[in-house]
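A.B. asks: model this:
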Amino acid sequence: MNKIVLGILIVFGLGLLMLGGLFLSTGYLNDIVMGALMLLAGFGILFYVYRLEKIEAAKPTLVSQTFNVKMDGSGKFEDKEMKCRSCGAPITDKDLKVIQGGIMATCPYCGAVFAMQEAPKW
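C.D. replies: Purely as a prediction, here's the structure:
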């Protein structure tokens with residue numbers, strides 16, 4: 001619901017609560033009944049606004065993010081051929097999968113599965 005409408009409902013509900021309190025303080029039976037009805041209506045409106053906000057806050061929101069990453073190194077890059085640890089067959093990019101942050105390779109020839117490890121840079 002629109003925030004302006006919710007603000008108007010809150011002001012109206014609080015106004016009914018104040019008027020209801022004033023009517024209750026007079027002591028006359030008719031005014032007490034009217035004051036109780038105003039208090040009930042004010043609390044009802046405020047409860048309605050509270051429930052609307054709680055329901056709106058519980059709804060999931062879709063967040064779309066786009067990341068543009070450019071990786072550069074400080075030195076010269078050389079392509080190095082990846083080979084299977086078991087049979088020595090070449091491993092291509094389509095044989096690699098990222099699983100829980102690590103790179104896993106599956107050999108298309110012998111079916112061996114192993115984790116790719118990066119050599120230290122020093």
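A.B. asks: Let me see the backbone angles for Q117.
C.D. replies: phi -120, psi 140 (degrees, to the nearest 10).
A.B. asks: ok, it - contacts?
C.D. replies: Not one residue lies near Q117 by CB atoms under 8 Å, 6 or more residues apart in numbering. Where C-beta positions appear, they are placed from N, C-alpha and C, glycine not excepted.
A.B. asks: gap between the residue lying farthest from the centre of the chain and G35?
C.D. replies: In the chain, Y28 marks the outermost C-alpha relative to the chain mean, sitting 53.3 Å out by CA atoms, centre = their mean. Using CB to CB, to the nearest Å, one gets 10 Å for the distance from Y28 to G35.
A.B. asks: do the same with N2
C.D. replies: Noted for N2: a distance of 30 Å to G35, by CB to CB.
A.B. asks: Between these two, which has more neighbouring residues?
C.D. replies: G35 (20 against 7; other CB atoms under 10 Å).
A.B. asks: where does the chain dip in pLDDT?
C.D. replies: For the chain, residues meeting the criterion pLDDT under 70 lie at 1, 73-75, 77, 119-122.
A.B. asks: three-state assignment of L39?
C.D. replies: Following DSSP: H, G, I helix; E, B strand; the rest coil, the label given to L39 is helix.
A.B. asks: Now M82. Its backbone dihedrals?
C.D. replies: The phi/psi pair for M82 (degrees, to the nearest 10) reads phi -90, psi 140.
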